[in-house]
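> only geometry, no sequence info:
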């Protein structure tokens with residue numbers, strides 16, 4: 001099957017031996033420029049998407065999707081009836097009570113402020129799947145031991161960073177000073193409770209590992225004098241995107257008597273910042289592709305100048321302005337398509353390398369929440385939308401030199417020196 005003569009001539013011009021070295025170099029640089037732009041855009045957006053996904057999975061994995069708490073920081077009494085009604089809502093997976101408060105943890109060497117979570121050790125999934133992050137222990141070990149021996153009834157889990165900073169390990173004791181005063185022979189003093197460390201967890205989120213600790217719900221109620229009350233009710237749903245709808249349904253059922261927040265509301269500022277950063281990075285890196293596409297104008301313009309006489313002869317033989325335009329548009333598109341495909345392949349390879357070989361984040365999780373560089377490729381964006389936009393930009397860049405070639409007059413072009 002014979003190809004149209006416009007494509008035939010376009011390919012002929014691209015591989016012509018008479019073509020000057022300058023045009024060849026500019027053509028190669030244009031291909032490399034488009035490839036680098038496409039590759040950078042794919043890799044950076046994949047890393048940004050990976051960071052977003054990783055952070056989101058950490059947040060929703062270690063926190064409830066929806067929380068119901070008392071207004072004005074009041075405790076919730078008789079919460080079992082609330083839990084029963086919440087369980088009947090569609091898409092609700094786990095429901096459980098919790099207590100959240102603060103304390104000063106003191107070891108033999110150091111003192112640090114920590115966040116205390118009181119959870120039901122037998123049903124912890126409403127708050128977090130702690131078994132996934134604990135070292136050589138299970139959440140049920142927060143329960144009172146069957147035989148005391150050297151074990152304490154007050155048991156606690158600490159984050160690995162927190163345990164390191166307190167210089168304690170499994171089996172050691174820590175004293176928790178609570179923000180409540182009690183009378184002593186020396187006057188009013190903060191209430192103190194001694195706990196035994198029975199487990200250490202590592203989530204990969206520095207803020208959580210450095211401040212979070214978990215005790216049993218009964219111990220937390222006793223510590224803070226809540227009786228049978230709780231701070232709030234934690235809810236996990238089947239699909240995290242349905243959390244706002246579940247929160248809305250809970251508000252409707254209880255007529256806004258309680259404060260109800262979903263995970264998107266609780267992390268609104270962080271999620272907005274991540275989304276804005278992703279868009280800004282995408283726009284900035286798109287400028288690389290725009291500049292690379294515009295560089296196609298240079299070799300095409302020089303090629304038009306070199307082929308001026310041949311263009312005049314073609315037009316004298318009956319070639320239309322449209323045919324001349326198509327010849328040079330094809331040449332520019334060829335450069336753009338080759339560069340785009342090369343960039344997409346290199347972007348895919350680089351993303352695979354990042355995924356296979358973990359790259360540590362500077363400062364660890366203390367700065368960026370996570371300790372390694374994540375990557376998550378979105379096939380539609382990376383291998384369809386970005387290449388299509390790149391090719392369209394390259395096509396637009398070919399229009400001016402192609403139009404310049406088409407408007408040449410045959411006689412003037414043949415006489416051109």
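Great, that's in hand. The shown structure was predicted, so the numbers you read here are calculated from the model rather than taken from an experiment.
> Would you check how far apart the closest residue in space to residue 75 that isn't next to it in sequence and residue 221 are?
Leaving aside its chain neighbours, residue 75 sits nearest to residue 229 (3.6 Å; criterion: CB to CB, 6 or more residues apart in numbering). Where you see a C-beta, it was placed from the backbone N, CA and C, and this is true even at glycine. Computed as CB to CB, to the nearest Å, the residue 229 to residue 221 distance reads 7 Å.
> To what extent is residue 160 buried, counted in neighbours?
16 (other CB atoms under 10 Å).
> That one contacts residue 206, correct?
No: Residue 160 is beyond contact range of residue 206, at 10.2 Å (criterion: CB atoms under 8 Å).
> Pull up the gap between the residue nearest to residue 75 and residue 376, please.
42 Å.
> quick one, what contacts residue 163?
169, 197, 200 (CB atoms under 8 Å, 6 or more residues apart in numbering).
> Can you classify the second one by secondary structure?
Pointing back at residue 197 there. strand (DSSP: H, G, I helix; E, B strand; the rest coil).
> likewise the first one?
Counting by three-state DSSP, the backbone at residue 169 sits in coil.
> do residue 214 as well
Under three-state DSSP, residue 214 comes out as strand.
> Which residue ranges of the stretch 251-400 of the chain form helices?
Remark: helices assigned in the stretch 251-400 of the chain by DSSP state H, counting those that start in this stretch are 263-266, 268-294, 297-306, 308-316, 321-356, 365-368, 379-380, 386-406.
> Dump those helices to CSV, plus mean neighbour count, distance to residue 120 and mean pLDDT.
Converted to CSV, those look like this (neighbours: other CB atoms under 10 Å; distance: least, CB to CB, whole Å; pLDDT from 0 to 100):
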stretch, mean neighbour count, distance to residue 120, mean pLDDT
helix 263-266, 18, 20, 84
helix 268-294, 15, 28, 79
helix 297-306, 20, 68, 73
helix 308-316, 17, 82, 71
helix 321-356, 20, 37, 86
helix 365-368, 16, 28, 56
helix 379-380, 9, 41, 86
helix 386-406, 20, 48, 83
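> Which of these sits closest to residue 138?
helix 365-368 (24.4 Å; CB to CB).
> now the residue nearest the centre of the chain, nearest residue through space, not along the chain?
Centrality entry for the chain: nearest residue to the mean C-alpha point is residue 52, 1.1 Å, by CA atoms, centre = their mean. The shortest distance from residue 52 to any non-neighbouring residue, by CB to CB, 6+ apart, is to residue 274 (5.2 Å).
> Provide a list of residues in contact with the one you found.
By CB under 8 Å, 6+ apart, the neighbours of residue 274 are 48, 51-52, 55.
> That one and residue 231, how far apart?
From residue 274 to residue 231 the distance is 28 Å (CB to CB).
> shaky segments in this protein?
Applying pLDDT under 70 to the chain picks out residues 1-3, 5-23, 147-151, 181, 183-188, 305-307, 311, 361-371, 410-417.
> With distance to residue 214 as added columns, please give the helices of the stretch 251-400 of the chain in TSV.
Converted to TSV, these look like this (distance: least, CB to CB, whole Å):
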stretch	distance to residue 214
helix 263-266	19
helix 268-294	23
helix 297-306	63
helix 308-316	78
helix 321-356	32
helix 365-368	19
helix 379-380	39
helix 386-406	44
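> Residue 115 and residue 214 touch, don't they?
No: Residue 115 is beyond contact range of residue 214, at 9.7 Å (criterion: CB under 8 Å).
> More neighbours: which of the two?
residue 214 (26 against 17).
> Now do the contacts for the more buried one.
Here residue 214 is in contact with 116-119, 130, 139, 142, 156-157, 201 (criterion: CB under 8 Å, 6+ apart).
> That one - nearest residue in space that isn't next to it in sequence?
residue 157 (4.3 Å).
> Adding distance to residue 308 and neighbour count, write the contacts of residue 163 out as a markdown table.
Listed next are the contacts of residue 163 as a markdown table, based on distance: CB to CB, whole Å; neighbours: other CB atoms under 10 Å:
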| residue | distance to residue 308 | neighbour count |
| --- | --- | --- |
| 169 | 82 | 11 |
| 197 | 83 | 21 |
| 200 | 77 | 22 |
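> and which of these is nearest residue 298?
Nearest member of the contacts of residue 163 to residue 298, counting by CB to CB, is residue 200, at 61.5 Å.
> okay, the angle between the helix or strand containing the closest one and strand 212-216?
In this assignment (DSSP states H and E), residue 200 forms part of strand 187-201. Going by axes from the mean of the first three to the mean of the last three CA atoms, to 10 degrees, strand 187-201 is angled at 100 degrees with respect to strand 212-216.
> Check for me that residue 31 belongs to a helix.
Yes: using three-state DSSP, the assignment for residue 31 is a helix.
> Let me see the contact set for it.
Going by CB under 8 Å, 6+ apart, the list of residues near residue 31 reads 335, 338-339, 342.
> Check residue 216 too.
With CB under 8 Å, 6+ apart, residue 216 has these contacts: 118-121, 142-144, 155.
> Having no further points to raise, I will conclude here.
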